[in-house]
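Novice: Only the shape, not the letters, is given here:
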């Protein structure tokens, strides 16, 4: 079969769907990657995907402007003729589903996180929820990454229960992310807290910086690092001026961005993610797979990976004082207890989040739904 994967960036397809694409190609399917062109487009082509460029603003949130995306995706789907389409992120899920339904192409959607439309009560949010409610009448299957997100969709009557299933995120390649063995004695270094995230408000960036400042004032012998890209065009992005102020004040050690987070995770002693809400955060899967203890917020997504006092500590959301307290508690646990927490985290991801679990579920969904054509056609789209 020909499988299309539509996402808001080529980077996202390559980094989060790499293993699935490998398995699809290995199984004899052809894969069409549909996303805006970026630095990772060529890597997708080198993998064996064909590629279709699409105009998609992953940061904007204007439903009226984005309706044009439906027509653009309709033309791409009509030309490429996929047998089934996999959608991820809000815009492909909504507008891609409408385009595919108009062409009677079955779709499998994935809710990887709720985004700002569920965190803020605005007129744009209300329109987006209405679009969700309409477009989600048509998918053959919808995967959620945690039970809480599924329940929210059901409570808001955005979806029918019979097409829903919860899967453990995008999974983690346990042979790629693994604990680093201590093969040599290294000089003592300060304890390092590390947050890995895009620099947007809803990830809890400001709470992390504030907690770091609190701990520094209290004389904690630790370093506080931040790894991730600025995204100033995002409506909730941190401005470069604010980041520079944090650096100048010495609150954080900013590490920039990277294509390989493993050396940074291995070098850190604790990974921190004070996010407001998540699907299944890849950062925490990577940290747990590398046997690192975690401090994260007690919110959906984070608390699906972190079992409080087992493989990490959970703090209150949007509360820098409680975050600072839990980071301090982690610091004073001692090396042996921290090591035990890290190993418990590795055990959790081995049992529940191995990427083979997700790949197997997708392969079965594609096999069962790929040849089934939805009956409804949208009359307002000219064929």
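Specialist: The structure has been received and is ready for your questions. Quick caveat: nothing in here was measured; it's all calculated off a predicted structure.

Novice: only C-alpha atoms for contact and neighbour calcs from this point on.
Specialist: Will do.

Novice: Can you point out the buried residues in the helix or strand containing residue 365?
Specialist: For residue 365, the host element (DSSP states H and E) is helix 355-369. The neighbour-count check on helix 355-369 (16 or more other C-alpha atoms under 10 Å) flags 355, 356, 357, 358, 359, 362, 363, 366, 369 as buried.

Novice: Format the residues you listed as CSV; extra columns: pLDDT.
Specialist: Formatted as CSV, the buried residues of helix 355-369 follow (pLDDT from 0 to 100):
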residue, pLDDT
355, 93
356, 93
357, 93
358, 93
359, 94
362, 95
363, 94
366, 94
369, 79
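
Novice: and the two most separated of these?
Specialist: Spanning the widest gap among the buried residues of helix 355-369 are 355 and 369, at 21.0 Å by C-alpha to C-alpha.

Novice: Got phi/psi on residue 164?
Specialist: Main-chain dihedrals, residue 164, degrees, to the nearest 10: phi -100, psi 150.

Novice: tally of neighbours for it?
Specialist: Counted by other C-alpha atoms under 10 Å, the residues lying close to residue 164 total 18.

Novice: same deal with residue 65?
Specialist: Residue 65 sits with 10 neighbouring residues when counted by other C-alpha under 10 Å.

Novice: quick one, phi/psi of the residue lying closest to residue 349 once chain neighbours are set aside?
Specialist: Spatially, and ignoring its direct neighbours in sequence, residue 349 is nearest to residue 289 (6.2 Å; C-alpha to C-alpha, 6 or more residues apart in numbering). For residue 289, the backbone dihedrals (degrees, to the nearest 10) come out as phi -60, psi -30.

Novice: Repeat that for residue 13.
Specialist: Torsion angles, degrees, to the nearest 10, at residue 13: phi -60, psi -50.

Novice: And residue 147, how far from residue 310?
Specialist: As judged by C-alpha to C-alpha, to the nearest Å, residue 147 and residue 310 stand 21 Å apart.

Novice: That should have said residue 44, apologies.
Specialist: Using C-alpha to C-alpha, one gets 38 Å for the distance from residue 44 to residue 310.

Novice: And for residue 355?
Specialist: In terms of C-alpha to C-alpha, residue 355 sits 22 Å off from residue 310.

Novice: check contacts around residue 230.
Specialist: 198, 199, 200, 237, 238, 239, 240 (C-alpha atoms under 8 Å, 6 or more residues apart in numbering).

Novice: Show me which helix or strand of this structure is least confident by mean pLDDT.
Specialist: Least confident helix or strand, the chain: helix 116-119 with a mean of 60, by mean pLDDT, DSSP states H and E.

Novice: same question for the next helix or strand after that helix, mean pLDDT?
Specialist: For helix 116-119, the succeeding helix or strand toward the C-terminus, using DSSP H and E, is helix 123-135. Regarding helix 123-135, the rounded mean pLDDT is 81.

Novice: Please apply the same query to stretch 13-30.
Specialist: Stretch 13-30 carries an average pLDDT of 94.

Novice: Just the helices from the stretch 251-383 of the chain, written as ranges.
Specialist: Under the criterion DSSP state H, counting those that start in this stretch, the stretch 251-383 of the chain carries helices at the ranges 262-267, 282-289, 302-305, 320-333, 335-352, 355-369.

Novice: among those, which is the most enclosed?
Specialist: Among the helices of the stretch 251-383 of the chain, the stretch with the highest mean neighbour count (mean count of other C-alpha atoms under 10 Å) is helix 282-289, at a mean of 26.

Novice: Could you list the domains of the protein?
Specialist: In terms of domains, the chain is parsed into 2-171+355-369, 191-352 (source: automatic domain parsing).

Novice: Burial check on residue 104, number of neighbours?
Specialist: Other residues close to residue 104 by other C-alpha under 10 Å number 19.

Novice: Quickly find the element holding it.
Specialist: Applying DSSP H and E as the criterion places residue 104 outside every helix and strand.

Novice: Which of the contacts of residue 230 are buried, as a PyMOL select command?
Specialist: If you want just the buried ones from these in PyMOL, going by 16+ other C-alpha under 10 Å, the selection is:
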select buried, resi 198+199+200+237+238
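
Novice: Are we agreed that residue 44 is in a strand?
Specialist: No. According to DSSP: H, G, I helix; E, B strand; the rest coil, residue 44 belongs to no strand; its state is helix.

Novice: Might you report the residue contacts of the closest residue to it other than its chain neighbours?
Specialist: Excluding its sequence neighbours, the residue lying closest to residue 44 (C-alpha to C-alpha, 6+ apart) is residue 14, at 6.4 Å. Residue 14 makes contact with 40, 43, 44 under the criterion C-alpha under 8 Å, 6+ apart.

Novice: What's the first helix or strand after the helix or strand hosting residue 14?
Specialist: Residue 14 belongs to helix 10-16 when assigned by DSSP H and E. On the C-terminal side of helix 10-16, the closest following helix or strand by DSSP H and E is helix 18-26.

Novice: okay, the angle between that following helix and helix 355-369?
Specialist: Helix 18-26 runs at 50 degrees relative to helix 355-369, counting by axes from the mean of the first three to the mean of the last three C-alpha atoms, to 10 degrees.
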